[in-house]
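>>> Turn this into a structure:
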Amino acid sequence: MTSAIRTVTPEALADAAARIRRGELVAFPTETVYGLGAHALDPDAVARIFAAKGRPAWNPVIVHVADTDAARALVADWPDRATRLAAACWPGPLTLVLRKRAVVPDVVTAGTDTVALRVPAHPVALALLREAGVPIAAPSANRFTQLSPTTAAHVVTALGDRVPLVLDGGPCDVGIESTVLDLTGDVPTVLRTGALDADTLAGLLGEPVRIGAPRAVLADAPRPSPGMAERHYAPRAEVWLVEAGGRTEAERAVAERLASPSAMVGAIARGDGWAPTGAMPVHRLPDDPAGFARGLYAALHDLDAAGCAVVVVDAPPATGRWAGVHDRLTRATR
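Modelled structure (predicted):
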């Protein structure tokens, strides 16, 4: 059996929905990245996601739903904060962590009492959810810790025959995974940064939003959210994230690498900004958070495919709307 990329048609959607209901895996596009989907209320189906990705059991998966009513059906408590954020941000790249109902299997939530939910803002994802008529658990359609896919071809490269059907919805618009916000505590807490930054969420809620897990997580302990592994979103190449003050040292290190005839060093720059001398190929992404995020994973996939041993990245700011991009690049270096 080999992976099959299919153009999205009514027939392809009907086939994909039937596969989901039968407990099979289907990869599909969202506005953030491509997801590897399974029937979220079928524990055997969700277990196939973990097997295909090589994903550890302590790492929960996000459940995608068609609308707010479908989300509320899966949670034990729906606070006013959730109502306000769902109205403002769904469909969209925001995942809410809430107390789950017993109908949600433990394999989805890493055995915790919370579930991560979102309504995706991609027409193919929404059409699949409506056609299937069930919630769909879907982490990124890649092997665990590796680069997330933003095209159907990336999915096939990553998973091969582990997924029999990939719906091709074109390149993803956002390009990095959703922001995850925990609403189960006294203070709303961002567990994973994304396109929606903490300041934006605080403005929508009219109250402070904390960034980061409220307590340390042991290496193999269940996480409250996906995307909390130290190494994640990583290409095969070694990633050097270079701050402005480290460029001189990076230039020397690149020159040393290039002294070997077999070494290939690629780079990702922001707009017309710095890239190390001699690096080739160089991907120049827009010098704004949304544009950079949209092209980041595709650039890293391309540099991997070119055979780069090292990818040098001009570090963006670590705060504000750049926080999600900086987080992905930091985890890729570990």
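
>>> Downstream of the longest helix along the chain, the next helix or strand is which one?
The longest helix of the chain (DSSP state H) is helix 289-305. Per DSSP states H and E, the first helix or strand lying C-terminal to helix 289-305 is strand 310-314.

>>> elements contacting that following strand?
If contacts are counted by 3 or more C-beta pairs under 8 Å, 6 or more residues apart in numbering; DSSP states H and E, strand 310-314 sits against strand 238-242, helix 247-258, strand 265-270. Where you see a C-beta, it was placed from the backbone N, CA and C, and this is true even at glycine.

>>> Distance from the chain centre to the second one, please.
What it means is helix 247-258. The gap between the average C-alpha position of helix 247-258 and the chain average comes to 31 Å, counting by C-alpha atoms, centre = their mean, to the nearest Å.

>>> Same question for the longest helix of the chain: list its buried residues.
289, 292-304 (16 or more other C-beta atoms under 10 Å).

>>> Export those residues to JSON lines and append columns for pLDDT and distance to Ala195.
Shown next, in JSON lines, are those (pLDDT from 0 to 100; distance: C-beta to C-beta, whole Å):
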{"residue": "Pro289", "pLDDT": "96", "distance to Ala195": "8"}
{"residue": "Phe292", "pLDDT": "97", "distance to Ala195": "11"}
{"residue": "Ala293", "pLDDT": "97", "distance to Ala195": "6"}
{"residue": "Arg294", "pLDDT": "97", "distance to Ala195": "10"}
{"residue": "Gly295", "pLDDT": "97", "distance to Ala195": "13"}
{"residue": "Leu296", "pLDDT": "97", "distance to Ala195": "12"}
{"residue": "Tyr297", "pLDDT": "97", "distance to Ala195": "13"}
{"residue": "Ala298", "pLDDT": "97", "distance to Ala195": "16"}
{"residue": "Ala299", "pLDDT": "97", "distance to Ala195": "17"}
{"residue": "Leu300", "pLDDT": "97", "distance to Ala195": "18"}
{"residue": "His301", "pLDDT": "96", "distance to Ala195": "19"}
{"residue": "Asp302", "pLDDT": "97", "distance to Ala195": "22"}
{"residue": "Leu303", "pLDDT": "97", "distance to Ala195": "23"}
{"residue": "Asp304", "pLDDT": "95", "distance to Ala195": "23"}
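
>>> contacting residues for Arg84?
204-205 (C-beta atoms under 8 Å, 6 or more residues apart in numbering).

>>> gap between it and Leu183?
Per C-beta to C-beta, to the nearest Å, Arg84 is found 10 Å from Leu183.

>>> swap in Gly246?
38 Å.

>>> Which of those two has more residues huddled nearby?
Taking other C-beta atoms under 10 Å, Gly246 and Leu183 do not tie; Leu183 has more neighbours (21 against 13).

>>> Which stretch among the helices and strands packed on strand 310-314 is buried most, on average?
strand 265-270 (a mean of 24; mean count of other C-beta atoms under 10 Å).

>>> what angle sits between it and strand 310-314?
Counting by axes from the mean of the first three to the mean of the last three C-alpha atoms, to 10 degrees, strand 265-270 lies at 20 degrees to strand 310-314.

>>> could you give the angle of strand 265-270 to strand 238-242?
Going by the same axes, to 10 degrees, strand 265-270 makes 40 degrees with strand 238-242.

>>> next SSE after strand 265-270?
strand 282-285.
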